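Engineer: coordinates only, no sequence provided:
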């Protein structure tokens, strides 16, 4: 009798579950620039980590992080990505409450993801031999007043120059490839996979990694808009858990600045190739970026960038501090939930 009762109860429970409509996933809009440094977002989407936490992610492509600030401020964009910028600090000065919540990509010893790339013809002719030859050269940046500009400033200083001695040209990375190819610019603070493409076509030369003139450059960050951190805080936390899982997957398949030869690495390379419209071979041979598996940004580097923006006149409010923009509570909670990172190649 008891067995019959429990069988009936279990059947009724299962029937009830089958009749319960599945809850709709929460939509989250994420700004990307469609570069290799968006890897963790694409991994989280394609490996189902966002789905696991009930999120339907929508990627919106921008040509620079600076252009994400306005939609982040209005709530039209939930999550932003990209380089730190004067616009970010100026937004804080206007009480627009955007927050730096995690690392996205950076540099470390042995990494060449971001390089000072010079047109090969200039190197071959001897017109460009060293940092001092940046004087008067047209060097491209993805946008005015962003952290790669801070890096270019350090390169100029190494050649005994000032930032003003270099002629800046502002173009998105795909446009920089075309401009280098047709000779419209002389160089660029270039990222992957564009740099590898330029080297292979004989257009550009990796003159030096940013590690040679700006060690530990914080290339890009993850931002949350105010509405996401306040009215959708629980959702923002779920998003971060998925992001950290993907960031750790990325770390599992990277060694010495390149992708490894494991099956897990091949799977992730395949994801990135499809997302970025490149071949797997192109992604595999591209240099990769450094990313903290616990998502912590380089706060010292952010301060250096803010000092540069101030010196260059891009940030005028003397009261704005890096700490005003940081909210690492989401990343800390995600790491606590997931536990310590242990490298796994399976």
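Structural biologist: Arrived safely, thanks for sending. Small disclaimer: the values here were computed from a predicted structure and weren't measured.

Engineer: so which elements touch the one helix or strand residue 45 maps to?
Structural biologist: Residue 45 is part of helix 39-46 when elements are defined by DSSP states H and E. Where contact means 3 or more C-beta pairs under 8 Å, 6 or more residues apart in numbering; DSSP states H and E, helix 39-46 is packed against strand 55-61, helix 233-252, helix 263-276. (C-beta placed from N, C-alpha, C; glycine too.)

Engineer: can we see that at 6 Å?
Structural biologist: Packing partners of helix 39-46 (3 or more C-beta pairs under 6 Å, 6 or more residues apart in numbering; DSSP states H and E): helix 233-252, helix 263-276.

Engineer: chain center to it, what's the gap?
Structural biologist: Its chain's C-alpha centre and that of helix 39-46 lie 12 Å apart, by C-alpha atoms, centre = their mean, to the nearest Å.

Engineer: buried set for stretch 198-209?
Structural biologist: Buried residues in stretch 198-209, defined by neighbour count with 16 or more other C-beta atoms under 10 Å: 198-199, 203-209.

Engineer: I should have written stretch 283-299 there, sorry.
Structural biologist: Taking 16+ other C-beta under 10 Å as the neighbour-count basis, stretch 283-299 is seen to contain the buried residues 283-295, 297-298.

Engineer: any weak-confidence spans in the protein?
Structural biologist: 1-23 (pLDDT under 70).

Engineer: would you mind giving the domain segments of it?
Structural biologist: 26-106+217-276+288-338, 115-212 (automatic domain parsing).

Engineer: distance to residue 346 added to those domains, as a markdown table?
Structural biologist: Formatted as a markdown table, these follow (distance: least, C-beta to C-beta, whole Å):
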| stretch | distance to residue 346 |
| --- | --- |
| domain 26-106+217-276+288-338 | 6 |
| domain 115-212 | 26 |
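
Engineer: which one of those domains lies nearest to residue 344?
Structural biologist: Closest to residue 344 of these, according to C-beta to C-beta: domain 26-106+217-276+288-338, at 5.4 Å.

Engineer: phi, psi for residue 280 please.
Structural biologist: Note on residue 280: backbone dihedrals following degrees, to the nearest 10 are phi -60, psi -30.

Engineer: pretty sure it is touching residue 269, no?
Structural biologist: Yes - counting by C-beta atoms under 6 Å, residue 280 touches residue 269, with 5.3 Å between them.

Engineer: now the common contact residues for these two.
Structural biologist: Common neighbours of residue 280 and residue 269 are not found (criterion: C-beta atoms under 6 Å, 6 or more residues apart in numbering).

Engineer: which of the two has more neighbours?
Structural biologist: residue 269 (23 against 14; other C-beta atoms under 10 Å).

Engineer: for that one, what are its contacts?
Structural biologist: Shown in contact with residue 269 (C-beta under 6 Å, 6+ apart): 259, 280, 283-284.

Engineer: mind doing that once more with 8 Å?
Structural biologist: When the contact criterion is C-beta atoms under 8 Å, 6 or more residues apart in numbering, the partners of residue 269 are 253, 259, 280, 283-284.

Engineer: nearest to residue 163 among these?
Structural biologist: Nearest to residue 163 among the contacts of residue 269, with distances taken as C-beta to C-beta, is residue 283, at 33.1 Å.

Engineer: noted, bye for now.
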